[in-house]
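Visitor: Take a look and give me a structure for this.
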Amino acid sequence: MEQWGREEIMKGLKELVPEMDFIEKSEDWDEKNGGIRTSGTERVWVFKEILPFNHDLEYGEMLLSEATVHITPDHSTMKVKEMYIYGIHREIYSWLEERGWYPEWRDSQALFFWKHTEDSADEIVENLENYQIYLDTHEIDGIEGEILNKLKKKFQSGE
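Guide: Model prediction:
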């Protein structure tokens, strides 16, 4: 695996998600150097007709066929949440991984990307575990949460 440099990753992300209008060096915002920071769920960027980064996966139980117009036949029965790894669209996550980078959510609005290092394996596992705990315990507030909970119950009961 050839690890890409930060400038190459930033350029590549902008090519994958042309609408991405906010991407900066991590040290412009954080004390940790060498990474990339962008916005998460708050931006309405689109990649393959769904959000490229979806921290909360609030529409995760929805079938991909209901969320998008153009999908490949082998994805037609997948749920939207199945198209994500750690809240990152599978294709983008794989693209980053192939180039030696990994994502880290600080919250639903702050998404960082870091180079793989000898020490990053433990951090990646911890990030994934904490993220799954968050998804398992997160409740959406307001009317959106009520609607989604009713839809989820209806979906689970098979009505």
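
Visitor: Would you map the strands across the protein?
Guide: 23-25, 36-39, 84-85, 88-89, 101-105, 110-115 (DSSP state E).

Visitor: For residue 77, find the nearest of these.
Guide: Set against residue 77 and scored by Cβ to Cβ, those come closest in strand 84-85, at 16.1 Å. (Each C-beta comes from the backbone N, C-alpha and C, glycine too.)

Visitor: Name the nearest residue to residue 77, sequence neighbours excluded.
Guide: residue 63 (6.7 Å; Cβ to Cβ, 6 or more residues apart in numbering).

Visitor: residue contacts, that neighbour?
Guide: Contacts for residue 63 (Cβ atoms under 8 Å, 6 or more residues apart in numbering) come out as 76-80.

Visitor: And the helices in the chain?
Guide: 6-16, 64-67, 90-98, 120-137, 142-157 (DSSP state H).

Visitor: Just name the shakiest helix or strand of this structure by mean pLDDT.
Guide: Counting by mean pLDDT, DSSP states H and E, the chain has its least confident helix or strand at helix 142-157, which shows a mean of 53.

Visitor: just checking, residue 110 touches residue 43?
Guide: No - under the criterion of Cβ atoms under 8 Å, residue 110 makes no contact with residue 43, lying 11.5 Å away.

Visitor: Common neighbours of these two, please.
Guide: Joint contacts of residue 110 and residue 43 (Cβ under 8 Å, 6+ apart) do not exist.

Visitor: For stretch 28-39, buried residues please.
Guide: 35-39 (16 or more other Cβ atoms under 10 Å).

Visitor: And those, which is closest to residue 7?
Guide: The closest of the buried residues of stretch 28-39, once distances to residue 7 are taken by Cβ to Cβ, is residue 36, at 9.6 Å.

Visitor: How about the closest one: what's its closest non-neighbour residue?
Guide: Closest residue to residue 36 apart from its sequence neighbours, by Cβ to Cβ, 6+ apart: residue 113 at 4.3 Å.

Visitor: Tell me how many other residues crowd that neighbour.
Guide: Residues within reach of residue 113, counting by other Cβ atoms under 10 Å, total 21.
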